[in-house]
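# below are the sequence and a predicted model; questions follow.
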Amino acid sequence: MKVILHIGPAKTGTTALQKALYSAREKLVDFSVLYPDTLDKNDYNHGKLCALFVPYGDAPRGLKKLSEAEYYDAGKSLQERIKLDVQTICPDILILSSEWLASAYDHQDAHKFSDFIDSLMPDSIEVLLYARRPSNFFLSASQQRLRASHQFKPIFHWRLNEIIAGFQKLFASHTISVRLFERPALVGLNIVSDFAETYIPECRTILENVQESTEVNESFSAEAMAVLQNFRRVHFADQEDVFNGKTRKLMRVLKRMDAKDDRKKPTLTAEWRDFFDYGNDQALRLHHLHHITFSDFDYPRLASGQFAPKPEKCRDVADFVDIDQDRLATMITRLANSPWSPNRSGSKWLLSLPNNLLGGQLCQFPLWRRLIAC
């Protein structure tokens, strides 16, 4: 049996791939491919295996909803289920996937994870991760964090070389594979087809048929991000890495607004994009050691040591991302005219946005909003 450990990392299409594998898991068994059940209808991955090596206090935010006892019990239950499935099905290929596994090498109990994999008696193990351009990773990961924070920065740093080196030690006698995460470089222009064609080509059609037609974790516009950050800063500045219903409600409204017009995907300012791609030699090391070549990337610049300086401003979304001020003003006006949060607190915050985000530019607020805010 071959074990494929897909460890992400974050923001490389992991959710899309996991949902496809999970949805097709019963059909995959017919091809002697096992993607074990996660024991939770809301989970598509095997992240609970991190209970093997991550103390409860450092558990990923998605598992903090569990008590300490529930956390370790869930990890143990998943281990037992995987072992049972392997013994019962006797697959040729076992696929385990979670971006939370990417930190395994960095924990004192990392050996417990590798020992568990060895206990499944595999003939071979291949650890797989996808490599995304540093600047693109920062933008995507920072945007994801805004959903539960007012800080515009990733929870996880771009540290592919460190992850690869760590897993090379953890699984020293096995294969560590790195694939480029850029749409033109992916087979079929998406991660599901790319993974299937590379590892289980006979199952590619099955996975493509269950693949969701809509993009997973669809991005916000730059203007929506600015509004969302200010909302979190004003109302939930003391709640870091905490999701709540009020934020989700605003996010739904902002997504609908983005969907109604021809909004552009957010782009980093030239200075910050330059810094994330060329602020150190990490991309060059990845290129030399693992043959990952990002498109339109100036590798000679890094080879000559011409590293980009870090820009000074690093607090607001507008410091990092190009904002269309006219579109932002329109979004604020539309939000104020919508039935979202028709109360004093929400209305006072809306009326503060022109000063906070537009430098005092006037917006057309309805009379009822102004009266409620008083």
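Here it is on my side, so go on.
# put the alpha carbons of stretch 137-151 into PDB.
C-alpha atoms of stretch 137-151 as PDB (Å, rounded to 0.1, in the frame of the first residue of the first chain):
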ATOM      1  CA  PHE A 137      -0.200  33.500  -0.600                       C
ATOM      2  CA  PHE A 138       0.000  36.600   1.600                       C
ATOM      3  CA  LEU A 139      -3.000  38.200   0.000                       C
ATOM      4  CA  SER A 140      -5.200  35.100   0.100                       C
ATOM      5  CA  ALA A 141      -4.200  34.100   3.700                       C
ATOM      6  CA  SER A 142      -4.600  37.700   5.000                       C
ATOM      7  CA  GLN A 143      -8.000  38.000   3.500                       C
ATOM      8  CA  GLN A 144      -9.000  34.700   5.100                       C
ATOM      9  CA  ARG A 145      -7.900  36.000   8.500                       C
ATOM     10  CA  LEU A 146     -10.200  39.100   8.300                       C
ATOM     11  CA  ARG A 147     -13.200  36.800   8.700                       C
ATOM     12  CA  ALA A 148     -12.200  36.400  12.400                       C
ATOM     13  CA  SER A 149      -9.800  39.300  13.100                       C
ATOM     14  CA  HIS A 150      -9.100  43.000  12.300                       C
ATOM     15  CA  GLN A 151      -5.500  42.200  11.500                       C
END
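# how many other residues sit next to K41?
Neighbour count for K41, taken as other Cβ atoms under 10 Å: 8. For glycine as for every other residue, the C-beta is placed from the backbone atoms N, C-alpha and C.
# for it, what is the enclosing helix or strand?
Using DSSP states H and E, no element contains K41; it sits outside every helix and strand.
# okay, now the unreliable bits of the stretch 151-300 of the chain?
212-218 (pLDDT under 70).
# strands along that one, start to end?
175-180 (DSSP state E, counting those that start in this stretch).
# which stretches in it count as helices?
Secondary structure of the stretch 151-300 of the chain, counting by DSSP state H, counting those that start in this stretch: helices at 160-170, 191-199, 204-210, 222-235, 245-260, 270-278, 282-290, 299-303.
# could those helices be laid out in a markdown table, adding distance to C363 and mean neighbour count?
Rendered in a markdown table, the data for those read as follows (distance: least, Cβ to Cβ, whole Å; neighbours: other Cβ atoms under 10 Å):
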| stretch | distance to C363 | mean neighbour count |
| --- | --- | --- |
| helix 160-170 | 43 | 18 |
| helix 191-199 | 41 | 21 |
| helix 204-210 | 45 | 16 |
| helix 222-235 | 12 | 22 |
| helix 245-260 | 14 | 15 |
| helix 270-278 | 28 | 19 |
| helix 282-290 | 42 | 18 |
| helix 299-303 | 43 | 14 |
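# can you check which of those helices gets nearest to N45?
Minimum separation from N45 across the helices of the stretch 151-300 of the chain (Cβ to Cβ) falls at helix 191-199, 13.6 Å.
# can you report how many residues lie near T267?
Taking other Cβ under 10 Å as the criterion, the count of residues near T267 is 14.
# wait, doesn't it sit right on S221?
No: taking Cβ atoms under 8 Å as the definition, T267 is not a contact partner of S221, at 10.6 Å.
# can you lay out the helices of the stretch 151-300 of the chain as a markdown table showing distance to S140?
Putting these into a markdown table (distance: least, Cβ to Cβ, whole Å) gives the following:
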| stretch | distance to S140 |
| --- | --- |
| helix 160-170 | 15 |
| helix 191-199 | 14 |
| helix 204-210 | 23 |
| helix 222-235 | 12 |
| helix 245-260 | 16 |
| helix 270-278 | 12 |
| helix 282-290 | 16 |
| helix 299-303 | 22 |
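# closest to W368 out of those helices?
Go through the helices of the stretch 151-300 of the chain one by one with Cβ to Cβ and the one that ends up closest to W368 is helix 245-260, at 17.3 Å.
# what residues does that closest one touch?
Judged by Cβ atoms under 8 Å, 6 or more residues apart in numbering, the contacts made with helix 245-260 from elsewhere in the structure are 147-148, 218, 220-221, 224, 227-228, 231-232, 235-236, 331, 334-335, 338, 340-341.
# quick one, longest strand in the protein?
Taking residue count as the measure and DSSP state E as the definition, the longest strand of the chain comes out as strand 124-131.
# quick check: V227 vs S221, distance?
Here V227 is placed at a distance of 10 Å from S221 (Cβ to Cβ, to the nearest Å).
# now the strands: where do they sit in the stretch 1-150 of the chain?
Here the stretch 1-150 of the chain has its strands, by DSSP E, counting those that start in this stretch, at 2-6, 33-34, 93-97, 124-131.
# what mean pLDDT does the third one get?
What that stands for is strand 93-97. Within the predicted structure, the mean pLDDT of strand 93-97 is 98.
# next, the buried residues of it.
Using 16 or more other Cβ atoms under 10 Å as the test for burial, strand 93-97 gives I93, L94, I95, L96, S97.
# what's that strand packed up against?
strand 2-6, helix 14-23, strand 33-34, helix 68-89 (3 or more Cβ pairs under 8 Å, 6 or more residues apart in numbering; DSSP states H and E).
# and with 10 Å instead?
Using 3 or more Cβ pairs under 10 Å, 6 or more residues apart in numbering; DSSP states H and E, the elements in contact with strand 93-97 are strand 2-6, helix 14-23, helix 25-28, strand 33-34, helix 68-89, helix 110-119, strand 124-131, helix 191-199.
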